[in-house]
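sequence isn't available, so here's the structure alone:
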């Protein structure tokens with residue numbers, strides 16, 4: 001691994017920090033984790049979109065608690081090597097901006113935070129090591145739109161797909177809702193137990 005402690009970057013750990021500092025209510029955190037699990041929408045995106053915390057405050061929290069540097073992607077001269085190193089589908093899906101490439105190391109601006117699982121999957125799929133900077137969601141979207149003219153259409157398609165999935169879910173009879181919630185509570189319970197053991 002290029003970045004020491006990168007395996008600690010998880011939504012559950014961030015949820016613990018938000019709860020410990022009483023920044024976001026536990027109900028909102030549980031709903032955001034559930035939404036991430038169900039819809040695949042990133043935990044931080046759910047919190048910011050819901051107006052529960054600003055992306056600036058969340059970025060500050062992530063830099064402090066995960067010891068990661070902060071960088072505004074729009075202020076960086078993106079190298080051609082970095083731009084070509086990762087497929088645009090990966091950049092779009094995870095709202096990451098490639099900044100520079102040094103051999104197999106690619107520096108990227110994250111949309112506040114990507115989990116270790118996502119970082120590890122991108123590294124494996126693209127045979128590289130990511131060096132992540134904490135960035136802002138809105139800034140990354142703006143830079144991606146400047147880099148790739150088809151990014152706004154891609155965002156529209158994703159929003160439409162999510163809306164269709166949501167209306168289909170509302171129209172379908174409720175099945176297994178309780179078991180979904182129970183798995184969230186079990187995961188939360190497990191995280192609390194692990195944090196007590198530290």
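Happy to help now that I have it. Keep in mind it's a predicted model, so treat the numbers as computed, not measured.

now do the contacts for the residue nearest the centre of the chain.
Nearest residue to the geometric centre of the chain (Cα atoms, centre = their mean): residue 114, 3.8 Å. Residues near residue 114 by Cβ atoms under 8 Å, 6 or more residues apart in numbering: 9, 42, 94, 96, 122, 132. Yep, even glycine has a C-beta here, placed from its N, CA and C like the rest.

so where's this protein uncertain?
1-5, 173-198 (pLDDT under 70).

looking at it, residue 141 is touching residue 95, isn't it?
Yes - Residue 141 lies in contact with residue 95 (Cβ atoms under 8 Å); the separation is 6.3 Å.

shouldn't residue 100 be within a strand?
Yes - counting by DSSP: H, G, I helix; E, B strand; the rest coil, residue 100 is part of a strand.

correct me if wrong: it contacts residue 106.
Yes - using Cβ under 8 Å, residue 100 is in contact with residue 106, at 7.5 Å.

can you list residues touching both of those two?
Listed contacts common to residue 100 and residue 106 are residue 82; contacts here mean Cβ under 8 Å, 6+ apart.

which of these two has more neighbours?
With other Cβ atoms under 10 Å as the criterion, residue 100 and residue 106 differ in neighbour count, and residue 106 comes out ahead with 25 against 17.

helices along the chain, start to end?
Secondary structure of the chain (DSSP state H): helices at 11-20, 26-39, 43-49, 55-66, 80-85, 88-94, 116-126, 137-147, 151-171, 177-197.

show me which positions of the fourth one end up buried.
Think helix 55-66. Neighbour-count burial for helix 55-66, counted by 16 or more other Cβ atoms under 10 Å, picks out 55, 58, 59, 61, 62, 63, 65, 66.

shared neighbours, residue 141 and residue 95?
Both residue 141 and residue 95 are in contact with residue 111, where contact means Cβ under 8 Å, 6+ apart.

so for those two, which sits in the more crowded spot?
Using other Cβ under 10 Å as the criterion, residue 141 and residue 95 rank with residue 95 on top: 25 against 18.

about what we covered before: looking at the helices of the chain, which is buried most?
Across these, the average number of neighbours (mean count of other Cβ atoms under 10 Å) peaks for helix 43-49, which reaches a mean of 22.

which strands or helices does that one pack on?
helix 11-20, helix 26-39, helix 55-66, helix 137-147 (3 or more Cβ pairs under 8 Å, 6 or more residues apart in numbering; DSSP states H and E).

quick one, which of those is nearest to residue 84?
For residue 84, the closest of the helices and strands packed on helix 43-49 is helix 137-147, at 11.1 Å, according to Cβ to Cβ.
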